[in-house]
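**Q** structure, please.
(one chain, ligands or ions: 1)
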Amino acid sequence: MARYTRIPGSIALITLMNPPVNALSAAVRQGITDTVGRAVSDPEVKAVVLCGENGKFCGGADIREFAGPMTGPPLIPMIDAIEAAEKPVVAAIEGIALGGGLELALACHYRIAHVKARLGLPEVTLGLLPGAGGTQRLPRLIGVPAALDLIVTGRHVSAQEALKLGIVDQVTDGNIQEVAMEFAQSMSATLNSRC
Ligand SMILES: CC(C)(COP(=O)(O)OP(=O)(O)OC[C@H]1O[C@@H](n2cnc3c(N)ncnc32)[C@H](O)[C@@H]1OP(=O)(O)O)[C@@H](O)C(=O)NCCC(=O)NCCSC(=O)C[C@@H](O)CCCCCCCCCCCCC(=O)O
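**A** Numbers count the residues shown, from 1 in each chain. Below is the predicted model:
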């Protein structure tokens, strides 16, 4: 599931809800598809913030669903639709952004991380490759050598290392949602002033 909250000041806050790590289950993918569509089509919404409930952004594909048939909206078009949104979408990364969770964040236009967050593409530890755009978007963002290191080792990086590598735009020790909403507001104001 994903909760949609309209924040005064033209922001839509979308919160992933799937304990314990807000993994991208069929219900979460459906929730993201619906809420992003709602935000994009609402003329009052100028920017979107994506976050996770209970201090965790997203642990990636829901490994509990690996044994069953695929149901719900597929991950790749859902992620591509975020990148294609004509309003700034900011990922507010707290706790973890792993696997498909980082791939989701990479499709957002900006990423803000809490100082204690950890990010990575650990698919290799499950015998997989990142399958939702991480092998394209990460090298484009930080270059092939640094991206390959993360993809082939599966290691997690701290928020500070992610900032140094260029994966995230800002690190904060404040309230991640408030900082991301302020950032989204200023991005939308900057973009609107240029139009
Ligand atoms: C998250 C952790 C770091 C937490 O660690 P911690 O020590 O705090 O706690 P635990 O390890 O005990 O975990 C707590 C709790 O959480 C559960 N859990 C953890 N991760 C997940 C998860 N991802 N899903 C579900 N549940 C999870 C864990 O089981 C515990 O539960 P319990 O009940 O026991 O308390 C740590 O847990 C961790 O590191 N987790 C693993 C994270 C991970 O590996 N994530 C990556 C998952 S794989 C992935 O994301 C793949 C993506 O790249 C997407 C792939 C998309 C594929 C699409 C394919 C389309 C193919 C289309 C082909 C088209 C071809 C054509 O074009 O023709």
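**Q** how about the residues of the protein near the ligand?
**A** The chain has residues 20-21, 23, 59-64, 75, 96, 98-100, 103, 122-123, 126, 128, 130-132 near the ligand, with proximity defined as CB under 6 Å from any ligand atom. For glycine as for every other residue, the C-beta is placed from the backbone atoms N, C-alpha and C.
**Q** ok, now which ones touch residue 49?
**A** Residues in contact with residue 49 (CB atoms under 8 Å, 6 or more residues apart in numbering) are 11, 12, 13, 14, 89, 90, 92, 177, 180, 181, 184.
**Q** find me the pLDDT at it, would you?
**A** At residue 49, the model reports a pLDDT of 98.
**Q** I'd like to know how far residue 163 sits from the ligand.
**A** Look at residue 163 and the ligand: by CB to the nearest ligand atom, to the nearest Å, they are 20 Å apart.
**Q** likewise for residue 45?
**A** From residue 45 to the ligand the distance is 27 Å (CB to the nearest ligand atom).
**Q** tell me the pLDDT of that residue.
**A** 97.
**Q** cool, and residue 195?
**A** 63.
**Q** with residue 149 instead?
**A** pLDDT at residue 149 comes out at 98.
**Q** picking that back up, buried subset of the residues of the chain next to the ligand?
**A** 21, 23, 59-62, 75, 96, 98-100, 103, 122-123, 130, 132 (16 or more other CB atoms under 10 Å).
**Q** residue 62 contacts residue 16, correct?
**A** No: between residue 62 and residue 16 there is no contact under CB atoms under 8 Å: 11.2 Å.
**Q** any residues in contact with both of the two?
**A** residue 28.
**Q** in the sheet, who's paired with the nearest residue to residue 184 once chain neighbours are set aside?
**A** Sequence neighbours aside, residue 47 is the residue nearest to residue 184 in space, at 3.8 Å (criterion: CB to CB, 6 or more residues apart in numbering). Judged by DSSP bridges, the bridge partners of residue 47 are residue 11.
**Q** how close does residue 47 sit to the ligand?
**A** The value you get for residue 47 to the ligand, if CB to the nearest ligand atom is used, is 26 Å.
**Q** thought that residue was touching residue 186?
**A** No: under the criterion of CB under 8 Å, residue 47 is not in contact with residue 186, lying 9.1 Å apart.
**Q** okay, these two: which has more neighbours?
**A** Ranked by neighbour count (other CB atoms under 10 Å), residue 47 and residue 186 place residue 47 first, with 28 against 12.
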